[in-house]
Structure formats: C-alpha cells, structure tokens
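> I need the structure of the sequence given here:
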Amino acid sequence: MYIVIAGGGKVGYYLAKTLLPNKHEVMIIEPQMELCKKAANELGVPVINGDSTRLDDLSKSGVKSADIFIAVTGRDEDNLIACQLAKRNFGVKKTITRVNNPKNISVFEKLGVDIVVSSTSIIADLIEQEVDYHGIKTLMKLKDNKIVLSEVAIPGDSPVCGKSLKELDLPKDSIIISVIRDEEVIIPNGFTILQQDDYIIVVSSSNDQDMLRDYFIGND
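The predicted structure is shown next:
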C-alpha cells in the first residue's frame, strides 16, 4: 500500500520504520528540516519538507494515490485539518490520526476521520481491564463499551455458592457463558452449581456491573 504520513517526529519516524518491512511504500511530510533529513537518511524514504495542512504540500506527496493517510503531528488541530484535506480534496479512502486530547476522539470521528487513536485512552483502557472493578475484572468491552465481558471470582461467602444457575435471578441483560473450576472449563447449563473459587465469565450490559458485583460477591 502507498501510505502518506504527516509528521516526521518520533511517532511518524517509528511508524514508518514499522511499516517498511511489510513492503509498504511510505512518504513523510514534515516541516522541520532536521527531522526530514533524519527520516530520509536513516529510513531511506522520500520526505517532503512541508506543511500537511497546505494543499500544495499535500499534492506534492502524491496523496491522491495514497491508500491511507496518517496524521501524527503534535497538534490535534493540524491532524484534523490534514485528514479532512486528504479525504475531501484528494479522495483518500482511509484517514487515521493521533489525538493528544481524548476528548477530541468523538469530535474527530463526527468530522469524518476514519480511525482516531488516543494513546491516553488506550493506556486507560488497558489499566481498567487489568484492575478489579469492585471484585469484577473487565476482560473486554464491545459495541462502544455498552457490552462488557467480565470475570468474577466466587468467594466462599458469596450468596450464590451452592446454587444452580437456574436458581439465579440475574439482570435481564446478563448471561453466564462459562465456569472455570480448577483447570476445567465448564460450559454451564441450568443444573450447573456454583462453588467457592469458581471463576465465571459473564456477558452483560455495562450498566449491570454494580448489580452483578453485589449479586455474586455480596455487599461489603
């Protein structure tokens, strides 16, 4: 694929370096001459010393033929403008940008950027997935975070210990999809009885996590 990268700083440099072994053709647009020379000399890629928010500099990069346009400058506003110009004026089918402020994600998406990446949001999500949420560990979020895949460890004093699944009164938008007991993965049915130290995998709406925590673990 032919990929144009706006921004030849650390992110743009290492992005290009990562893409090159996969046989992609990469072009970089960067306003600082020193960074242009570094990318050209060390990566061996064509580099334009220019401004990705200017139509003439974008045109010089051959962005009209690009499969993907990626904006990773240090300014969110410049990234947005560059992506909009690439898409609207040059017909690039896929635009990707980095944002420094996570609050800009939804705005950029509404304004037509295809993929918006925030390192802050990615790190926050990774932390949230690893940390217990009042006794429930989030494994995955789907459908714009409306659906949650969770892992719950059943303590000895859980109100559900010794109960079969058919006896449980789960929230209507929740379902137990598996029970992990020692080294065994159990596909549950109504007669499966929950035991201490079982790990259960639950799919639920995000709004039901507090209720599930109280139901499986009990109120502190």
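> any idea which helix is longest in this structure?
In the chain, ranked by residue count with DSSP state H as the criterion, the top helix is helix 76-90.
> helices or strands next to that helix in the packing?
The criterion is 3 or more CB pairs under 8 Å, 6 or more residues apart in numbering; DSSP states H and E, and the helices and strands that helix 76-90 contacts are strand 2-6, helix 55-60, strand 68-71, strand 94-98, helix 104-110. All C-beta atoms are positioned from the backbone trio N, CA, C, and that covers glycine.
> Can you name the residues in contact with the last one?
Pointing back at helix 104-110 there. Contacts of helix 104-110 with the rest of the structure, by CB atoms under 8 Å, 6 or more residues apart in numbering, involve 76, 80, 83, 97, 99, 116, 118, 121.
> And Lys136, how far from Gly162?
Just so we're on the same page, residue 136 is Ile rather than Lys. Plainly put, Ile136 is 21 Å away from Gly162 if you go by CB to CB, to the nearest Å.
> Tell me which of these two has more neighbours.
Regarding Ile136 and Gly162, a neighbour count based on other CB atoms under 10 Å identifies Ile136 as having more, with 20 against 11.
> Where in this structure is the helix or strand with the lowest mean pLDDT?
Using mean pLDDT, DSSP states H and E, helix 119-130 stands out as the lowest-scoring helix or strand of the chain, at a mean of 58.
> Please name the strands paired to the helix or strand Val203 falls within in the sheet, noting orientation.
Counting by DSSP states H and E, the element that carries Val203 is strand 199-205. When pairs are called by DSSP bridges, strand 199-205 turns out to pair with strand 147-153 (antiparallel), strand 175-181 (antiparallel).
> Looking at these, which one is packed in the most?
Among the strands paired with strand 199-205, ranked by average contacts under mean count of other CB atoms under 10 Å, first place goes to strand 147-153 (a mean of 19).
> Using just helix, strand and coil, how would you label the residue of the chain most remote from its centre?
Of all residues in the chain, Gly162 has its C-alpha farthest from the mean position, at 38.6 Å, by CA atoms, centre = their mean. Following DSSP: H, G, I helix; E, B strand; the rest coil, we place Gly162 in the coil state.
> that older thread, weakest of the strands paired with strand 199-205 by average pLDDT?
Summarising mean pLDDT across the strands paired with strand 199-205, the least confident stretch is strand 147-153, with a mean of 87.
> For Ser174, see how far away Val152 is.
Shown here: Val152 relative to Ser174, a distance of 11 Å by CB to CB.
> Between those two, which contacts overlap?
Counting by CB under 8 Å, 6+ apart, the common neighbours of Val152 and Ser174 are 202, 212.
> Please tell me how far Trp51 sits from Gly91.
I think there's a mix-up here, since residue 51 is Asp and not Trp. Asp51 sits at a distance of 20 Å from Gly91 (criterion: CB to CB).
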